[in-house]
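Asks: Model the structure of this input:
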Amino acid sequence: MTSFQKAKEFSLSFQKEVLALIQDLDLDAISRVSLMLYEAKENGKNIFFFGNGGSHGIASHLACDFGKGTKITGKKNQKFYKVFGLDNPAWLTAQANDGKEPFTEGDYPGKYQHGYDGVFVGQMENFIGEGDIAFGISSSGNSPNVVNGLLFAKQKGCKTVAMVGFDGGEALKIADEVLFVKTEKGKYGLVEGVHEVIHHLLYEYAIQLEQTN
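Replies: Below you'll find the model as predicted:
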């Protein structure tokens with residue numbers, strides 16, 4: 001088999017897996033989250049998107065699309081999405097450098113072995129209020145800082161969404177709504193790719209809501 005044939009074979013296999021995962025998406029859960037985000041916007045609530053690595057990129061992308069992309073030119077008195085990507089690099093690194101004490105002494109829920117476990121809690125606590133939404137993204141569902149962020153948000157009376165893969169991990173058990181791409185552990189490419197599909201489903205419907213309401 002030539003190198004090209006091997007690459008083509010791999011591409012076909014990957015395509016087949018992605019299509020199966022998209023076909024298996026829980027559209028009811030996606031629809032509920034779509035409306036949850038819209039209602040939060042209409043009620044002036046904050047929405048926090050957060051994750052690590054590729055999931056961090058998806059969180060930033062979601063914040064960009066909902067924050068800017070949903071604005072309709074010429075629509076009078078439109079309410080805008082109050083979104084945070086929790087991606088300020090200076091704040092992230094400063095928060096990680098400070099260690100766990102601000103969180104353990106603050107009696108926050110979760111586990112804090114080092115400062116990085118609190119980087120999302122540390123940013124949310126400045127803005128968070130009852131009825132806000134915490135939207136955590138983690139392929140494994142076990143990232144301590146994402147799990148801690150969801151637990152902290154629940155403690156503050158917020159609604160929580162977890163977008164996860166693999167077996168769902170701890171986040172699957174914590175969040176009020178779960179967007180779950182079930183795969184073998186370690187299949188990051190599949191999970192992150194389908195998470196981006198979910199992202200655009202949420203975003204495109206948000207635009208439709210703005211255009212029709």
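
Asks: For the strand or helix carrying residue 6, name the packing helices and strands.
Replies: According to DSSP states H and E, residue 6 maps onto helix 3-23. With contacts taken as 3 or more C-beta pairs under 8 Å, 6 or more residues apart in numbering; DSSP states H and E, helix 3-23 sits against helix 188-212. No exception for glycine: its C-beta is placed from N, CA and C like everyone else's.

Asks: pLDDT on the helix it packs on, on average?
Replies: In this model, helix 188-212 has an average pLDDT of 98.

Asks: buried ones in that helix?
Replies: 188, 190-195, 198-199, 201-203, 205-206, 209-210 (16 or more other C-beta atoms under 10 Å).

Asks: Tell me what angle it forms with helix 3-23.
Replies: Orientation check (axes from the mean of the first three to the mean of the last three C-alpha atoms, to 10 degrees): helix 188-212 against helix 3-23 gives 50 degrees.

Asks: Buried ones in stretch 56-67, by neighbour count?
Replies: Quick answer for stretch 56-67 (16+ other C-beta under 10 Å): 56, 57, 58, 59, 60, 61, 62, 63, 65, 66, 67.

Asks: Need those residues in TSV (columns: distance to residue 152 and secondary structure).
Replies: Listed next are those as TSV, based on distance: C-beta to C-beta, whole Å; DSSP: H, G, I helix; E, B strand; the rest coil:
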residue	distance to residue 152	secondary structure
56	18	helix
57	22	helix
58	20	helix
59	16	helix
60	20	helix
61	23	helix
62	19	helix
63	19	helix
65	25	helix
66	21	helix
67	22	helix
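
Asks: quick one: which of the residues you listed is nearest residue 97?
Replies: Comparing the buried residues of stretch 56-67 against residue 97 with C-beta to C-beta places residue 56 closest, at 17.8 Å.

Asks: give me phi/psi at the nearest residue to that closest one once chain neighbours are set aside?
Replies: Among residues not flanking residue 56 along the chain, residue 87 sits closest, at 6.5 Å (C-beta to C-beta, 6 or more residues apart in numbering). The phi and psi values for residue 87, taken as degrees, to the nearest 10, are phi -130, psi 20.

Asks: what does the helix or strand bottoming out on mean pLDDT in the chain contact?
Replies: Between all helices and strands in the chain, the lowest mean by mean pLDDT, DSSP states H and E belongs to helix 101-104, at a mean of 91. Helix 101-104 is contacted by residues 110, 112, 117, 118, 121, 122, 148 when judged by C-beta atoms under 8 Å, 6 or more residues apart in numbering.

Asks: Could you rerun that using 10 Å?
Replies: Outside helix 101-104, the residues that touch it by C-beta atoms under 10 Å, 6 or more residues apart in numbering are 95, 108-112, 115, 117-118, 121-122, 125, 148, 152.

Asks: now these in JSON lines, with pLDDT?
Replies: Listed next are the contacts of helix 101-104 as JSON lines, based on pLDDT from 0 to 100:
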{"residue": "95", "pLDDT": "95"}
{"residue": "108", "pLDDT": "95"}
{"residue": "109", "pLDDT": "96"}
{"residue": "110", "pLDDT": "96"}
{"residue": "111", "pLDDT": "95"}
{"residue": "112", "pLDDT": "96"}
{"residue": "115", "pLDDT": "94"}
{"residue": "117", "pLDDT": "97"}
{"residue": "118", "pLDDT": "97"}
{"residue": "121", "pLDDT": "97"}
{"residue": "122", "pLDDT": "96"}
{"residue": "125", "pLDDT": "96"}
{"residue": "148", "pLDDT": "98"}
{"residue": "152", "pLDDT": "98"}
